[in-house]
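1. the following block contains a protein sequence and its predicted model.
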Amino acid sequence: MSKAFDAADALAVNTIRMLAVDATRQANCGHPGMPMGMAPAAHVLWTRHLKHSPSNPHWVDRDRFVLSAGHGSMLLYALLHLHGYNLPLEELKNFRQWGSKTPGHPEYGHTEGVETTTGPLGQGIATAVGMAMAESSLAARFGKDLVAHKTWVIASDGDLQEGISHEASSLAGHLKLANLKVIYDDNHISIEGDTNLAFSEDVLKRYEAYGWQTLRVSDANDLEALDRALSEAAAETQRPSIIAVRSHIGYGSPLQDNAKVHGSALSPEDIKKTKDFFQWPQEPTFHIPGEAQKRCLESVERGKKAEAEWNSRRDAYAKAHPDKFKSFQQALHKELPVDLEKKLPVFPADEKGLATRQSSGKTLNAISKEVPFFMGGSADLAGSNDTLIDGGGDFEAGHYEGRIFHFGIREHGMAAALNGMALHGGVIPFGGTFLMFNDYMKPAYRLAHLMGLQSIFVFTHDSIGQGEDGPTHQPVETLAAMRATPNSCVIRPADSGEVPYAWMVALQRKNAPTALVFTRQAVPTFDRSKFAPASGLLKGAYVLSEAKGGTPRVILIGTGSEVQLCVKAQELLEKEGVAARVVSAPSLELFAAQPLSYQDQVLLPSIQSRVVVEAATSFGWHRWAGAKGRFVTLERFGASAPGSVAMKNLGFTPENVVKAARESLKDS
């Protein structure tokens with residue numbers, strides 16, 4: 001039986017509240033209401049149920065804590081400081097200021113102890129599902145002696161209203177992820193007022209329908225009731241758990257249960273009344289009673305003890321199962337075989353060729369044989385995306401050793417789950433869908449780049465060349481939007497020869513995501529004895545075919561399926577006596593990262609006549625086309641027709657490339 005809560009616990013709870021009050025007041029902005037209401041639940045969780053080691057925030061078998069309600073970031077910052085993480089009080093005083101470790105919403109990699117970037121509502125709980133999936137996978141492969149932890153989440157009404165939480169929670173229930181525990185801050189308030197304005201469903205009934213354990217605590221200030229509910233959730237081994245905690249936003253302040261306390265600092269007058277309510281000293285601000293600090297710091301020794309016990313089990317495991325332990329270490333460090341590139345398929349020259357989605361499927365299966373922690377799936381499009389791992393087995397409830405994830409028709413949830421797996425570690429995850437549906441997953445896709453995660457996004461059916469499904473399924477602006485994302489690496493291979501190198505880039509980008517973009521339709525596989533080696537992809541752009549007979553007069557730049565048009569146009573131009581160079585540019589980001597000397601070597605600054613050929617909008621290409629450049633691109637939506645017909649009627653022909661080249665030459 002747990003020991004009784006005492007005055008030190010009450011002090012610690014109120015310390016969390018007052019730190020939030022003082023920090024938001026000093027910053028003159030922020031969200032004090034949520035930390036004031038949820039401080040008791042967070043305190044009970046962090047002192048009695050969360051397995052963590054403040055002296056080693058990266059301990060492999062720690063529980064993960066996700067503050068999905070990221071607007072309440074001062075709740076997390078107060079916890080981190082009080083529990084002995086490397087977050088000095090001075091950082092709390094610099095809340096939301098330039099260069100501080102306490103930004104307005106928690107940021108992964110910026111603040112020690114923050115497991116994921118949250119703030120966009122719904123992302124935290126959805127990312128936590130991926131964390132739970134990764135933990136389940138590792139536990140199934142290596143056993144509970146090495147991997148036995150949980151993922152705890154504090155989520156708000158806003159999180160549970162956002163569509164992504166429905167996708168992710170449904171998947172978690174289907175997979176019976178019992179290591180996932182959610183505390184729902186049921187405070188009945190959103191920015192516009194009472195949640196009844198737009199939200200009246202019974203959340204627990206919804207989660208019961210998903211297959212979750214559902215629990216309720218009627219008073220967020222009842223530490224004993226919170227402890228019992230958390231214990232019951234922690235003991236549940238057959239399904240995920242959610243605890244609805246009836247809290248009061250801005251508890252103890254004159255604005256309790258008022259939407260105004262959600263996103264604004266309390267006024268000095270209201271702070272005085274709040275501190276009077278809690279019998280808290282008005283000065284100094286950021287006051288931390290010794291007993292409160294002492295109670296929270298008990299987690300340091302408790303964490304060291306838990307970690308030491310795990311270290312003993314780890315050492316025993318390593319001795320008893322050296323090969324498996326080596327595999328475990330390789331998974332954690334994402335160690336790739338040194339000869340992996342040699343194990344990838346080589347595609348012979350073929351005028352008819354393959355769809356690059358097909359050569360991608362062959363490549364990822366070759367990788368899966370060599371890299372056991374490489375796994376993934378699709379948003380119900382595995383056959384179309386070619387993302388099935390031969391013999392990989394399905395990742396499903398009770399069979400978490402499987403390497404094929406079935407995300408269902410949940411693109412957004414899939415993207416967040418990939419992020420959660422990448423954050424957790426031990427897995428290099430990939431997920432596939434049609435390129436058009438990047439729009440469905442954009443918030444999670446963006447966060448992958450913001451956090452610098454090795455989430456690999458596989459996109460197929462990449463242009464109007466996919467054909468009859470029509471403009472609803474034919475991406476036009478998508479590539480430009482993806483390329484505009486900071487930290488991006490979008491790769492659109494020209495043929496099967498480039499595909500394995502695209503995958504190598506994705507595998508080697510351990511601190512950044514990669515978007516691999518493949519065709520539905522077959523494209524010729526170039527004869528690399530006549531054309532430059534496909535390894536040129538590694539530099540983002542390269543001279544695929546040099547001009548015959550001297551210095552080129554025009555440079556034809558293509559990506560993906562349109563490179564073949566450049567090659568054919570080169571032949572037509574040369575018959576007219578116009579020397580043309582063909583550049584394959586599968587990744588503008590990789591090319592931009594090369595030295596200027598290499599860029600000039602490929603694009604020749606003295607040659608002003610350039611033609612960009614891509615079945616998408618020209619947006620973002622002007623940097624490379626130059627002032628005299630011409631574009632064979634798409635400035636409208638596509639059309640429903642066989643792919644080859646759509647391409648021809650919308651101007652993607654060798655003859656149209658030649659026409660653009662002539663215009664550029666005339667202009668220059």
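-> Alright, I've got the coordinates.

2. make it CA atoms for all contacts and neighbour counts henceforth
-> Fine.

3. what ranges do the strands span in the stretch 101-250 of the chain?
-> 151-156, 180-186, 189-190, 193-194, 213-217, 241-246 (DSSP state E, counting those that start in this stretch).

4. looking at the ones you listed, which is buried most?
-> Comparing the strands of the stretch 101-250 of the chain by mean neighbour count (mean count of other CA atoms under 10 Å), strand 180-186 ranks first with a mean of 27.

5. what lines up beside that strand in the sheet?
-> Sheet pairing for strand 180-186, assigned by DSSP bridges, gives strand 151-156 (parallel), strand 241-246 (parallel).

6. possible to save these as CSV with distance to A235 and mean pLDDT?
-> Output for those, formatted as CSV (distance: least, CA to CA, whole Å; pLDDT from 0 to 100):
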stretch, distance to A235, mean pLDDT
strand 151-156, 13, 98
strand 241-246, 10, 98
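
7. which among those strands is found nearest to H461?
-> With distances scored as CA to CA, the stretch of those nearest to H461 is strand 151-156 (35.5 Å).

8. return the distance of that closest one from the chain's centre.
-> Relative to its chain's centre, strand 151-156 lies at 17 Å (CA atoms, centre = their mean, to the nearest Å).

9. before we move on, back to that, format the strands of the stretch 101-250 of the chain as JSON lines; extra columns: distance to K334.
-> Shown next, in JSON lines, are those (distance: least, CA to CA, whole Å):
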{"stretch": "strand 151-156", "distance to K334": "22"}
{"stretch": "strand 180-186", "distance to K334": "24"}
{"stretch": "strand 189-190", "distance to K334": "42"}
{"stretch": "strand 193-194", "distance to K334": "47"}
{"stretch": "strand 213-217", "distance to K334": "34"}
{"stretch": "strand 241-246", "distance to K334": "31"}
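
10. out of those, which is closest to K273?
-> Of the strands of the stretch 101-250 of the chain, nearest to K273 by CA to CA is strand 189-190, at 21.6 Å.

11. in its sheet, what does the closest one sit against?
-> Assessed with DSSP bridges, strand 189-190 is paired to strand 193-194 (antiparallel).

12. chain center to the strand it pairs with, what's the gap?
-> 31 Å.

13. what's that strand in contact with?
-> Strand 193-194 is contacted from outside by 188, 258-259, using CA atoms under 8 Å, 6 or more residues apart in numbering.

14. which intervals of the chain have sub-threshold pLDDT?
-> The chain contains residues with pLDDT under 70 at 1-2.

15. break it into its domains for me.
-> 7-305, 340-524, 541-667 (automatic domain parsing).

16. quick one: the last one to chain centroid distance?
-> Okay, so that is domain 541-667. 33 Å.

17. same thing with stretch 362-382?
-> Centre to centre, stretch against its chain (CA atoms, centre = their mean), the figure for stretch 362-382 is 18 Å.

18. how about it: buried residues?
-> 362-368, 371-382 (16 or more other CA atoms under 10 Å).

19. re the thing from before, mind checking which of the strands paired with strand 180-186 is nearest V21?
-> From these, taking CA to CA, the stretch that ends up closest is strand 151-156, at 19.2 Å.

20. can I get the closest one in PDB, CA atoms only?
-> Presented in PDB, the C-alpha positions along strand 151-156 are these (Å, rounded to 0.1, in the frame of the first residue of the first chain):
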ATOM      1  CA  THR A 151       4.400   6.000 -22.200                       C
ATOM      2  CA  TRP A 152       2.400   8.500 -20.100                       C
ATOM      3  CA  VAL A 153       0.500  11.400 -21.600                       C
ATOM      4  CA  ILE A 154      -1.400  14.400 -20.200                       C
ATOM      5  CA  ALA A 155      -3.900  15.500 -22.900                       C
ATOM      6  CA  SER A 156      -6.400  18.300 -23.000                       C
END
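
21. list of residues touching that strand?
-> 50, 63-69, 124-125, 128, 131-132, 179-186.

22. related to what we said a few turns ago, so for P586, which of the strands of the stretch 101-250 of the chain sits nearest?
-> Nearest to P586, of these and by CA to CA, is strand 151-156 at 38.5 Å.

23. measure stretch 465-475 end to end?
-> 10 Å (CA to CA, to the nearest Å).

24. likewise for stretch 490-499?
-> So stretch 490-499: terminal residues 13 Å apart, CA to CA.

25. give me the nearest residue to P254, chain neighbours excluded.
-> Of all residues not flanking P254 in the chain, D270 sits nearest, at 6.2 Å (CA to CA, 6 or more residues apart in numbering).

26. can you tell me which residues contact that neighbour?
-> 253-255.

27. 10 Å instead, please
-> 253-255, 276 (CA atoms under 10 Å, 6 or more residues apart in numbering).
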